[in-house]
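Engineer: Pasting the sequence and the predicted model now:
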Amino acid sequence: MSSQFIERAALFGGTKAGIVTVPTAGHDETRPVLVVLNTGISHRVGHHRMHVELCRAVARQGTMAVRFDFRGIGDSAPLDGADPGEGALADIGDVLRELGDRFKARRFVLCGLCSGADQSIHFASQDERVVGVALIDPQIPKTRRHRIAVGVGRLRMWGTWRNLLLGRSRAYGRLFRPASPPRSETSDEYLDRQLNRPESRDALGRSFAAAIDRGVRILAVFTTGERERWSYRGQLFDAFPDVPLARAISLVELHDADHLLSRRDDRAKLIETVTKWI
Amino acid sequence: MGPFFFGSSRRRLFGVYTPAVELEAPPGAVVLCQPWGTEYIHAHRAIVRLGEALSRTRFHVLRFDYYGSGDSGGDFAEVDLEGWRSDIRTAADECLSMSGASRVSLVGLRIGANLAADVARDLADLDALVVWNPIVDGAAYASVTTPARRRDPVGLRPRRRPASHGPDIVKVLGSPLGEELAAELRQVGLAPILQAGAERTLIVGSGEPADRAALRRTLSDRSGPTLDYVENDDVPAWLDGHPGYALPISTIDTIRRWL
C-alpha cells in the first residue's frame, strides 16, 4: 500500500503546514494536482481522517494530492489579524505557486467540505490554474421550494407536535410569550443568516458563473444529512437560475450520509466518487 | 516550528517539533500525547496551543500522531494500544535527540494520558508525567459511538438504519476499529496512572462536572505515591461543540506552570 505513494511534510511559505502525497512514480504533469482545504476550523487531517484517506486514494491512482492548513488553523502560523476569508484565498494562491515551483504543477483541482467547498469555488472563479473543484456540501442559498420542504418536513415530525403540545416550540414562545427575553443566536443560525444575505448569495452566484465561464469542471456532492441546508436535487439550479450550472456540474447525492461523513461506508463512497471524477 | 516524519519506514510517524524560546535555562523536553478519534480532531487546537505555551519557556516540544491516526502512516485497521505505546517511546527518543535534553516529560490528554502513564512506568529518561482528563472507565469510553448527527433530516425521508461495518468492526468515537482494539480500550483505566512511577505526576481534571467528579472519586480511593491533582472549570476541548470552541486556557496555564 505505502509503496504506491510517498508523503512529505511541507511548510508552504514558511507558514502553512501541509502534507504532499506524491505517487511513487512521481508527479505526472499531465494530471492536475488535488488540493484539499480545511473544513471550518478543523485541521487538514479532516473529520474521521477523511482528507488523509482521500489524498492517499488519489495518489494511488497516480495523481499528486496536497492537504494543508490555512494560517490560523491546525499547525500553520497565526493569521495575525488578517480577515480569515481573504487570508484563506491568499493561502491557496501561495500553496499553488509553491507547488508550481517545486513540482512544475500547473493545473489544480480544489476540494473541500462545507466552508472548504465555498472557498474552493470562490478561488476557482478567479484563478486560471484551477481546472476543477470538488465541492462537498457547499453552501446553497435557500429557495422557496426548500423552505416549504423543510417546513413540511418539520410538520411530519413527531417531535414538532410534542414540543408544541408541551409549550417548548419556538413558534409557541413567539406567540404566547412575546415578553420573554430574546434567545441568543446559535452559531449555525448566525452562519445561516450570513450566508443567505443577498450580497453573499450574489457573490456565490458570481463565483459559480465565473468558474463555469472559464471552463472549470465542478463536482458537487451532497449528503442528505444536511436537509436543513439542502433538500432537493435541483436546489442549486433554482438558487441561481441565471447561471448555466446544469452544463458544468456533476451532481452526486450521498444518501443518508451525515455532513461529516461519520460512517466509513459513506467516506468510501465519497472517495470513490472524487477519485473517479478527477 | 517544523512538521516532519520520523520513526521507521514501516511505521512512519508525523510530528511537529517546536523548539524552546528560552535558551538560557536548562533545556527541557516534552512529548505531547494526543487523544484519538473525534476527540483528536476537536482537541487539536488545544494541543497546539499547549505546545506553543510550553515552548515559550524552556521546553522543546514534540507533538505527534499515533500510527494509523492523523497524518501518520497506516490505517485504522492496523492499530493497537501496544503499538501506540511504542510510538510514544519512539517520540520520546526523537524529542531527546532533537533537543539535546537529558530527560523528557510526557503530557497526555484522554487516551493519550493513559498511554503516557503506561509508558512512564519504564521510560528511563522520564522527568515528569502530566495526565489530563484520562479515561477513567474504558468500557464507557469504548461504548461511546458517534453516529450521524441527530439534528439531520427534517422528516423528508425516513432514515435508514446505519450501514453495517461487518461483525468484527464496531464504531468508537466515529472511527471504525477491530474488536481486538475495542477490547483493549475497554480495559483502559486509571490503575496504571496511579502506579506510573514518575518522580512527579500531575493529574488535571477539567471539562464536565460529572467527569471531574468521576476522576476525583477514583483518586480519593487510591493509595500509593503522591500525585498532584488540579481541577479546572475549563472547557472540554476534546468534545464537539464545546462552548464557543473556546480553548482551555486555564488548564494550559496550569500545566505550563506545574512543569
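Structural biologist: That came through, no problem.
Engineer: where are the low-confidence patches of chain A?
Structural biologist: A:1-3, A:170-191, A:226 (pLDDT under 70).
Engineer: got a list of what A:Ala248 touches?
Structural biologist: A:Ala211, A:Ile212, A:Val216, A:Arg217, A:Ile218 (C-beta atoms under 8 Å, 6 or more residues apart in numbering or on different chains). To be clear about C-beta, it is placed using only N, CA and C from the backbone, and glycine gets the same treatment.
Engineer: residues from the stretch 101-250 of chain A in reach of chain B?
Structural biologist: A:149-150, A:152-157, A:224-228, A:231 (C-beta under 8 Å from any C-beta of the partner chain).
Engineer: Can you select the buried ones from those residues in ChimeraX?
Structural biologist: Remark: buried members of those, expressed as a ChimeraX selection using 16 or more other C-beta atoms under 10 Å in any protein chain shown:
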select /A:149,150,153,154,224,225,226,227,228,231
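Engineer: any chance of the residues of the stretch 101-250 of chain A next to chain B in a markdown table, plus secondary structure?
Structural biologist: Shown next, in a markdown table, are those (DSSP: H, G, I helix; E, B strand; the rest coil):
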| residue | secondary structure |
| --- | --- |
| A:Ala149 | helix |
| A:Val150 | helix |
| A:Val152 | helix |
| A:Gly153 | helix |
| A:Arg154 | helix |
| A:Leu155 | helix |
| A:Arg156 | coil |
| A:Met157 | coil |
| A:Thr224 | helix |
| A:Gly225 | helix |
| A:Glu226 | helix |
| A:Arg227 | coil |
| A:Glu228 | coil |
| A:Ser231 | coil |
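Engineer: would you list every one of the strands in the stretch 51-200 of chain B?
Structural biologist: Along the stretch 51-200 of chain B, counting by DSSP state E, counting those that start in this stretch, strands occupy B:59-64, B:104-109, B:126-132, B:169-172, B:175-178, B:200-205.
Engineer: relative orientation of the third one and strand B:104-109 in degrees?
Structural biologist: Between the direction of strand B:126-132 and that of strand B:104-109, the angle (axes from the mean of the first three to the mean of the last three C-alpha atoms, to 10 degrees) works out to 10 degrees.
Engineer: Show me what counts as buried in strand B:126-132.
Structural biologist: Quick answer for strand B:126-132 (16+ other C-beta under 10 Å): B:Leu126, B:Asp127, B:Ala128, B:Leu129, B:Val130, B:Val131, B:Trp132.
Engineer: A:Arg67 falls within a strand, correct?
Structural biologist: Yes: read with three-state DSSP, A:Arg67 is one of the residues of a strand.
Engineer: Surely it touches A:Cys55?
Structural biologist: Yes: applying C-beta atoms under 8 Å, one finds A:Arg67 in contact with A:Cys55, separated by 5.5 Å.
Engineer: Report the closest residue of chain A relative to chain B.
Structural biologist: Ranked by C-beta to the nearest C-beta, the top residue of chain A for proximity to chain B is A:Asp258, at 3.4 Å.
Engineer: looking at the strands of the stretch 51-200 of chain B, which has the lowest confidence?
Structural biologist: Lowest mean pLDDT within the strands of the stretch 51-200 of chain B: strand B:169-172, at a mean of 43.
Engineer: hmm, back to that, distance of the residue of chain A closest to chain B relative to A:Ala134?
Structural biologist: 18 Å (C-beta to C-beta, to the nearest Å).
Engineer: Kindly report the same for A:Ala209.
Structural biologist: 19 Å.
Engineer: that older thread, looking at A:Asp258 and A:Ala134 now, which is surrounded by more residues?
Structural biologist: The residue with more neighbours, out of A:Asp258 and A:Ala134, is A:Ala134; 29 against 24, by other C-beta atoms under 10 Å in any protein chain shown.
Engineer: Quickly list what the residue lying closest to that one once chain neighbours are set aside is bridged to.
Structural biologist: Nearest residue to A:Ala134, sequence neighbours excluded (C-beta to C-beta, 6 or more residues apart in numbering or on different chains): A:Cys111, at 4.0 Å. Assessed by DSSP bridges, A:Cys111 has beta-bridge partners A:Val36, A:Ala134.
Engineer: neighbours of A:Cys111, just the number please.
Structural biologist: 27.
Engineer: So it is in contact with A:Val130, correct?
Structural biologist: No: using C-beta under 8 Å, A:Cys111 makes no contact with A:Val130, being 10.8 Å away.
Engineer: coming back round to it: turn the buried residues of strand B:126-132 into CSV, columns for distance to B:Val79.
Structural biologist: Converted to CSV, the buried residues of strand B:126-132 look like this (distance: C-beta to C-beta, whole Å):
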residue, distance to B:Val79
B:Leu126, 24
B:Asp127, 28
B:Ala128, 27
B:Leu129, 23
B:Val130, 24
B:Val131, 21
B:Trp132, 21
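Engineer: What is the nearest of these to A:Gly116?
Structural biologist: B:Trp132 (29.9 Å; C-beta to C-beta).
Engineer: could I get the strands of the stretch 51-200 of chain B as TSV with distance to chain A?
Structural biologist: Output for the strands of the stretch 51-200 of chain B, formatted as TSV (distance: least, C-beta to the nearest C-beta, whole Å):
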stretch	distance to chain A
strand B:59-64	9
strand B:104-109	15
strand B:126-132	19
strand B:169-172	8
strand B:175-178	5
strand B:200-205	23
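Engineer: Deepest-packed of those strands, please.
Structural biologist: strand B:104-109 (a mean of 28; mean count of other C-beta atoms under 10 Å in any protein chain shown).
Engineer: just the helices in the stretch 51-200 of chain A please.
Structural biologist: A:84-103, A:115-124, A:144-155, A:158-165, A:170-176, A:187-195, A:198-213 (DSSP state H, counting those that start in this stretch).
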